[in-house]
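Colleague: build me a structure from this.
(one chain, ligands or ions: 1)
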Amino acid sequence: MKGISAFVLFAAFVFNAAALSSCGSSSTNTGGASSSPAVQIVACPTAPAATVAITNSSFQPTGTAIAVNGIVKWTNNDSIAHTVTSGSQGTPDGTFDSGNLSQNATVCIQFLEIGSYSYFCKIHPFMTGVVAVQ
Ligand SMILES: [Cu+2]
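Modeller: This next block holds a predicted model:
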């Protein structure tokens, strides 16, 4: 009997330790919120929150509004390569960069924080757009 309750206590201790350690790791993430990425490139879902066509060397539409955690999908309809790169006036800000998208290539980006995200094409900096995350 004594041995069983010792085992139960041990099991409860292990469970608590696991719960505490998972708590600890999530609070570590919260603590690092300022340095955690505001966006992530993800696999394209069947139904993204919004789509942007890259057509005739322009982003269509140029302005996209989504709710936080929404995913925007860009598709390059041109025969030449384009990029979807965060920043403005041709200067990347490092938040996201699709790299070169060839014809029919897509990129999907999930926006994890409210804000306004300007972007452009690194090959054609006159191509600009903005994602408003509300
Ligand atoms: Cu381009």
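Colleague: just give the nearest non-adjacent residue to the residue most central in space within the chain, would you?
Modeller: The residue lying closest to the centre of the chain (Cα atoms, centre = their mean) is residue 40, at 2.3 Å. Spatial nearest neighbour of residue 40, chain neighbours left out: residue 110 (5.2 Å); criterion: Cβ to Cβ, 6 or more residues apart in numbering. Glycine gets a C-beta too; all of them are placed from N, C-alpha and C.
Colleague: how about residue 133?
Modeller: Using Cβ to Cβ, 6+ apart, the closest residue to residue 133 is residue 111 (4.4 Å).
Colleague: show me the residues around the one you found that make contact.
Modeller: Contacts for residue 111 (Cβ atoms under 8 Å, 6 or more residues apart in numbering) come out as 38, 39, 66, 68, 69, 70, 71, 72, 117, 131, 133.
Colleague: for residue 116, same thing?
Modeller: Contacts of residue 116 by Cβ under 8 Å, 6+ apart are 130, 131, 132, 133.
Colleague: quick check: residues of this protein near the ion?
Modeller: Residues of the chain lying close to the ion (Cβ under 5 Å from the ion) are 82, 121, 123, 124.
Colleague: what would those residues look like in a markdown table with neighbour count?
Modeller: Below are the residues of the chain next to the ion laid out as a markdown table (neighbours: other Cβ atoms under 10 Å):
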| residue | neighbour count |
| --- | --- |
| 82 | 26 |
| 121 | 24 |
| 123 | 14 |
| 124 | 17 |
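Colleague: please tell me how far residue 74 sits from the ion.
Modeller: Distance of residue 74 to the ion, given as Cβ to the ion, to the nearest Å: 11 Å.
Colleague: tell me how many other residues crowd residue 80.
Modeller: Neighbour count for residue 80, taken as other Cβ atoms under 10 Å: 13.
Colleague: helices along this structure, start to end?
Modeller: Assigned by DSSP state H, the helices in the chain fall at 2-31.
Colleague: could you pull out the strands for it?
Modeller: If DSSP state E is used as the criterion, the strands of the chain fall at 39-42, 50-54, 59-60, 63-66, 71-76, 85-88, 91-97, 106-111, 115-120, 128-133.
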